[in-house]
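Undergrad: with the input below, show me the fold.
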Amino acid sequence: MTITYQLGISLIAVIAALTIFQSVATMIDDHRYPPPGKLIDIGGCKLHIHTTGQGEPTVVLDAGLSGTSLGWALVQKEVQKFTRVCSYDRAGYAWSDQSASKRTSLHLAKELHTLLHKANIPGPYILVGHSFGGCNALLFADLYPEETIGVILVDSVHEDMLRERSTAHFNFQWLLSAIGFKRLQGPSNAITEMFTPLPEQIRHMYIAQMNKISYTQTVSREMEALNESLCQLYERKVHLQDKPLIVITAGKFADNSEEKAWTCLQKRLLLKSNRSKQIIADKSDHMINHHQPEIIIEAIQEILKNQ
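TA: Prediction:
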């Protein structure tokens, strides 16, 4: 038996052991952290939606690419005190099933609309979209204007950021997730810092969901479809007319050309409504929903007050 053959057998054994570890660990996490909301069948898959509070209109929270409903914990906790609020997980994230359909914003907006109605949560809605979720929110408002009374964009993408993006990193990360390596590695310092403002239980739940194979697969699929999603936003020439639009922009960013370009695109988002305003979250980076949730809450209250 050659050394190469022995090494091959050993590598296969290690991968098999890690894969079993990943499968068992996922089952343990699923038992330890049941969904806080409900699983709703939208036809072909079930999506997780967490609804709290009472009143109208309903605030709908859509996370950024790689984000889950748990990232809205600090916002939802306060908004539920004065109206109904829903956070949800797009297909493939957290407790939601994976979907065979393409992960473009136009399709995601339609899935969200189906989810809300299947869950018996009728409009009107205030849509709050963070980062990539902003693209979904704008397309939802364009598709269903009669059910939308306002939009809040939280450091949102803009269609003019179109450019080629490599997905090799995410496909490699999927492989590491599949064999359980990411669980053994533990969260990075950047991830730990990002989650620090969240309650401890939410942090544990969030990291458990990020360790799922389906999570990394979904990040990869949304990344692969990102240019198409932004093209959809561009082609539809989305404009909210006289519906209120509040653009919340991160104030803490690196002093480089990419970040400066992002800031300019934030100002262009204001052109998507005749009633728009910009608010700078001067103490926050991109994760405003973690670091300055009060700004998002106040923006929601402002639209409610002026509806």
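Undergrad: use CA for all of it now, contacts and neighbours both
TA: Noted.
Undergrad: which strand residues bridge residue 153?
TA: Beta bridges link residue 153 to residue 129, residue 247, judged by DSSP bridges.
Undergrad: pull the number of nearby residues for it.
TA: Residues lying near residue 153 (other CA atoms under 10 Å) number 28.
Undergrad: look at it and report its pLDDT.
TA: pLDDT, residue 153: 98.
Undergrad: with the one 5 residues further on instead?
TA: On pLDDT, residue 158 comes in at 94.
Undergrad: quick check: phi and psi at it.
TA: Reported as degrees, to the nearest 10, the phi and psi values for residue 158 are phi -130, psi 150.
Undergrad: which residues touch it?
TA: 135, 230, 265-266, 268-269 (CA atoms under 8 Å, 6 or more residues apart in numbering).
Undergrad: between those, identify the one with the most neighbours.
TA: residue 135 (29 neighbours).
Undergrad: am I right that residue 277 sits in a strand?
TA: Yes. With DSSP: H, G, I helix; E, B strand; the rest coil as the criterion, residue 277 is part of a strand.
Undergrad: count of residues packed around it?
TA: By other CA under 10 Å, 16 other residues sit near residue 277.
Undergrad: need the nearest residue in space to it, chain neighbours excluded.
TA: residue 246 (5.1 Å; CA to CA, 6 or more residues apart in numbering).
Undergrad: what's the neighbour count on the one you found?
TA: Other residues lying near residue 246 total 24 when counted by other CA under 10 Å.
Undergrad: all the helices of the chain, in order from the start?
TA: Under the criterion DSSP state H, the chain contains helices at 3-32, 73-79, 105-118, 132-143, 168-178, 181-185, 189-195, 200-210, 213-224, 226-236, 257-268, 288-291, 293-306.
Undergrad: which strands and helices lie in contact with the third one?
TA: Just to be clear, that refers to helix 105-118. Where contact means 3 or more CA pairs under 8 Å, 6 or more residues apart in numbering; DSSP states H and E, helix 105-118 is packed against strand 38-41, helix 132-143, helix 226-236.
Undergrad: now do the buried residues in that helix.
TA: Buried residues in helix 105-118, counted by 16 or more other CA atoms under 10 Å: 105-109, 111-116.
Undergrad: and stretch 85-105, how far out from the chain's middle?
TA: Averaging C-alpha positions (CA atoms, centre = their mean, to the nearest Å) puts stretch 85-105 9 Å from its chain's average.
Undergrad: that should have said stretch 237-244, apologies.
TA: So, by CA atoms, centre = their mean, the centroid of stretch 237-244 is 23 Å from its chain's centroid.
Undergrad: what mean pLDDT does it get?
TA: Rounded mean pLDDT across stretch 237-244 is 96.
Undergrad: alright, I will stop here.
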